[in-house]
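# Here's my sequence, what's the structure:
(6 chains)
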6 protein chains.
Amino acid sequence: MSDRYRKGIETLEIMNKDAIKILMESLDDTAPDLANFVIKFAYGEVYTRKALDLKSREIATVAALTAMGNAPEQLKDHINGALNVGCSREEIVEVIIQMTLYAGFPAAINGIMAAKEVFKKLDEK
Amino acid sequence: MSDRYRKGIETLEIMNKDAIKILMESLDDTAPDLANFVIKFAYGEVYTRKALDLKSREIATVAALTAMGNAPEQLKDHINGALNVGCSREEIVEVIIQMTLYAGFPAAINGIMAAKEVFKKLDEK
Amino acid sequence: MSDRYRKGIETLEIMNKDAIKILMESLDDTAPDLANFVIKFAYGEVYTRKALDLKSREIATVAALTAMGNAPEQLKDHINGALNVGCSREEIVEVIIQMTLYAGFPAAINGIMAAKEVFKKLDEK
Amino acid sequence: MSDRYRKGIETLEIMNKDAIKILMESLDDTAPDLANFVIKFAYGEVYTRKALDLKSREIATVAALTAMGNAPEQLKDHINGALNVGCSREEIVEVIIQMTLYAGFPAAINGIMAAKEVFKKLDEK
Amino acid sequence: MSDRYRKGIETLEIMNKDAIKILMESLDDTAPDLANFVIKFAYGEVYTRKALDLKSREIATVAALTAMGNAPEQLKDHINGALNVGCSREEIVEVIIQMTLYAGFPAAINGIMAAKEVFKKLDEK
Amino acid sequence: MSDRYRKGIETLEIMNKDAIKILMESLDDTAPDLANFVIKFAYGEVYTRKALDLKSREIATVAALTAMGNAPEQLKDHINGALNVGCSREEIVEVIIQMTLYAGFPAAINGIMAAKEVFKKLDEK
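Predicted coordinates for the structure are as follows:
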């Protein structure tokens, strides 16, 4: 197990353990290497860099995924991740509302729907 | 002068005084109402909400504009804004590098070029 | 109730009464302020401006949402809205077909699928 | 000369004679067939369909190109086209402002900058 | 039956017979002309050009639809098309993984999910 | 020098030596790590995978960058890269023309303009 892989798993333990397990399982038969790149590059090399705290990182990711609007499942994963690294629900909602200004109302509304779903699942646990 | 307009100007005094002046002048003959909407809605109603601090707001905006890649001038304005509300250059660069993961390398590289230009102008002052 | 809010509700009564009710209910527990911004800013301040008739406004919105392709639910709302302010089904279909030229065939085909669903629901009423 | 080509040229005579001449010249050495497709398919087959008047077609195109934000030159061509088929400057500006709601402020501001440039060139003639 | 239409049908017989039949049926009551444009322009005029073999064409299309991320159904059609014109599953997966670099991980992961679904359906036949 | 870095440089020697040198220099003072990620991850880990030949890889990248339309400089780099790994000018032009179908005419026209510029520079050498 490479150093990058180990660091990636460590970061994911903090950020979103469940999401990566589901991702690894779902990519396992078609593109297992893509799951490896997510762990080694995204979480092992990028998210571990010291220049930015994990809370700010998740604010950035929730903002970008809301604005781009092309990946609702990953947005939900990162809303969960944001909660896991110290964002409040109110802060997450606020980041999404702000995207109205840069990507329009439909993108922001769809982002809120993703947050609503995440919050509801957590409340039902 | 409405309350929203006044609040918007106050927020902009903190965030990016120069940018809005340039924007108002450039929209003045074609669509002055759009400058008003920026001041009253974006800065008077959205950015003034209490749920998120201005530093986190600019991290979100720099992330989204880097990822979307369709507005290099506004990205530069918000990199300046981010510096004005407490982000370090290193943090801004890091937000942009992270966008590699969500919008690809070209979007991130173009974001860094925008940051480079902003930093250079500040250093020349 | 502010003047903007009242005007927004009035515009929505004409354009798409049902859509906003559903939107308000679905945002109510997570981001009620976003529904307020839709009513006050989008419908109270922008759609009420005199410079463009509502039919032309809906043509513009159906075109943009088809081309962007990131908000199928809102596209359906605006296809309904377009019908409510005087667009014929044939005109709406034509706007969507034209988007082939600016956003490609898949975006246009997905737009037609949205229109088909809206028309079918209306025919079943 | 095929029927489609002839019809395309006729439509372009009304809509934007200059734009297509410039386009044909600029594509001539690298991809002349792409200019042919623009004339034969876009203007000969799509824009000539009876279901929508040319003014509404240009409103749709200006809206989409503003919202997508990836083709400032073509947006300027279609702002000129919109003026040629009966849109007022005020109407064009209004379509662009409305895009704030669906694609965010930066996209709308960039659209206004395109309109400003077109209007200025016309005033200098 | 025009020459373009006949050529389009011939190309589609090779590339993806089933997809176009489903498309024609689903567009039949709302926008049959759009299905005609797909056959005559996309498959009759563009895909039949000699300058590029069909395998390279499908690599290009799978890449673009993965990167744009706005048309999962059409991506699945073109993954099937790619298989029909000589791409291996491994090559298709690789094109999609490569899109990580240009459109980010979520777009690539969603592309793999589309491929997985196509492959599974073929294996169940 | 890590194995990945060495492999990345080797791949870039074949594909586009000049582009990476320029990129490294331009990122050097602001985000040198981003240039490292390009070399190590993009060219060292992804482009070196055996499942797809470099010519097919560049067809995929030219297609995606044309369709996305957000990175004209990188598109030009990859048009050069495509030529370096065996694509003919005619094939590159054809990939770009095909993008008309998936991203619309303006994206394809802008792609051709990028190709034209690359070809012209090579002819002047």
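# any idea how far the least confident helix or strand in chain A by mean pLDDT is from the chain center?
In chain A, no helix or strand scores lower on mean pLDDT, DSSP states H and E than helix A:17-27, which sits at a mean of 91. Here helix A:17-27 is found 12 Å from its chain centre; the criterion is CA atoms, centre = their mean, to the nearest Å.
# So which bits of chain A are right by chain D?
Chain A comes close to chain D at residues A:Ala67, A:Met99, A:Thr100, A:Leu101, A:Tyr102, A:Ala103, A:Gly104, A:Phe105, A:Pro106, as judged by CB under 8 Å from any CB of the partner chain. C-betas here are computed from N, CA, C, even on glycine.
# Same list (those residues) but as CSV, adding pLDDT and neighbour count.
CSV is the format used below for the residues of chain A next to chain D (pLDDT from 0 to 100; neighbours: other CB atoms under 10 Å in any protein chain shown):
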residue, pLDDT, neighbour count
A:Ala67, 98, 31
A:Met99, 98, 30
A:Thr100, 98, 28
A:Leu101, 98, 24
A:Tyr102, 98, 28
A:Ala103, 98, 31
A:Gly104, 98, 29
A:Phe105, 98, 24
A:Pro106, 98, 25
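# ok, residues contacting the helix or strand just after the least confident helix or strand of chain A?
Counting by DSSP states H and E, the next helix or strand C-terminal to helix A:17-27 is helix A:32-37. Outside of helix A:32-37, the residues within contact range by CB atoms under 8 Å, 6 or more residues apart in numbering or on different chains are A:5, A:20, A:23-24, A:27-28, E:97, E:100, E:105, E:108-109, E:112, F:41, F:45-46, F:49.
# go on, stretch A:23-31?
Outside stretch A:23-31, the residues that touch it by CB under 8 Å, 6+ apart are A:32, A:34-35, A:38, E:93, E:96-97, E:109, E:112-113, E:115-116, E:119.
# Export only the CA atoms of it, formatted as CSV.
Taking Å, rounded to 0.1, in the frame of the first residue of the first chain, the C-alpha atoms of stretch A:23-31 are listed here in CSV:
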residue,chain,number,x,y,z
LEU,A,23,-17.8,4.4,-4.7
MET,A,24,-15.2,1.6,-4.5
GLU,A,25,-17.9,-1.0,-4.6
SER,A,26,-19.7,0.6,-7.5
LEU,A,27,-16.5,1.1,-9.6
ASP,A,28,-15.1,-2.3,-8.7
ASP,A,29,-16.1,-4.3,-11.7
THR,A,30,-15.8,-1.6,-14.4
ALA,A,31,-13.1,0.9,-13.4
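# What residues sit buried inside it?
Using 16 or more other CB atoms under 10 Å in any protein chain shown as the test for burial, stretch A:23-31 gives A:Leu23, A:Leu27, A:Thr30, A:Ala31.
# now stretch A:80-90
A:Asn80, A:Gly81, A:Ala82, A:Leu83, A:Asn84, A:Val85, A:Cys87, A:Arg89.
# and that stretch with chain E, contact?
No. Stretch A:80-90 stays clear of chain E (CB under 8 Å from any CB), getting no nearer than 13.1 Å.
# quick check: mean pLDDT across that stretch?
Average pLDDT, stretch A:80-90: 98.
# how far does that stretch stretch from start to finish?
Using CA to CA, to the nearest Å, one end of stretch A:80-90 lies 13 Å from the other.
# Is it positioned near chain B?
Yes. Counting by CB under 8 Å from any CB, chain B has neighbours in stretch A:80-90: A:Glu90.
# Now find how far off-centre that stretch is within its chain.
In terms of CA atoms, centre = their mean, the centre of stretch A:80-90 is set 10 Å apart from its chain centre.
# How about stretch A:100-118?
With CA atoms, centre = their mean as the basis, stretch A:100-118 stands 15 Å off its chain's centre.
# ok, is it in contact with chain E or not?
No. If you take CB under 8 Å from any CB as the test, stretch A:100-118 misses chain E, and the best it gets is 12.6 Å.
# Near chain C, which residues of chain A are found?
Neighbours of chain C within chain A, by CB under 8 Å from any CB: A:68-70, A:93, A:96-97, A:100, A:105-110, A:112-113, A:115-116, A:119.
# Out of the residues you listed, which end up buried?
Using 16+ other CB under 10 Å as the burial test, the residues of chain A next to chain C include A:68-70, A:93, A:96-97, A:100, A:105-110, A:112-113, A:115-116, A:119 as buried.
# Return the subset of these lying in helices.
Counting by DSSP state H, those place A:68, A:93, A:96-97, A:100, A:105-110, A:112-113, A:115-116, A:119 in helices.
# pLDDT at the residue lying closest to A:Pro106 once chain neighbours are set aside, what is it?
Setting aside the residues directly before and after it, A:Pro106 is nearest to C:Ala71 in space (CB to CB, 6 or more residues apart in numbering or on different chains), at 3.4 Å. For C:Ala71, the pLDDT comes out at 96.
# C:Ala71 touches A:Ala107, doesn't it?
Yes. Counting by CB atoms under 8 Å, C:Ala71 does reach A:Ala107; the two are 6.9 Å apart.
# Determine which two of the contacts of stretch A:23-31 are furthest apart.
Across the contacts of stretch A:23-31, the longest distance by CB to CB is 20.3 Å; it joins A:Val38 and E:Phe119.
# What distance do you get for the spatially most central residue of chain A to E:Met113?
Centroid check for chain A by CA atoms, centre = their mean gives A:His78 as the closest residue, at 2.0 Å. Counting by CB to CB, to the nearest Å, the gap between A:His78 and E:Met113 amounts to 17 Å.
# How about A:Tyr5?
Plainly put, A:Tyr5 is 23 Å away from E:Met113 if you go by CB to CB.
# same question, A:Ser2
26 Å.
# again with A:Pro106
Distance, A:Pro106 to E:Met113, using CB to CB: 23 Å.
# Now the residue in chain A positioned nearest to chain F: phi and psi?
Nearest to chain F, among the residues of chain A, is A:Phe41, at 5.4 Å (CB to the nearest CB). Dihedral angles of A:Phe41 (phi, psi; degrees, to the nearest 10) stand at phi -90, psi -60.
# Okay then, goodbye and thanks.
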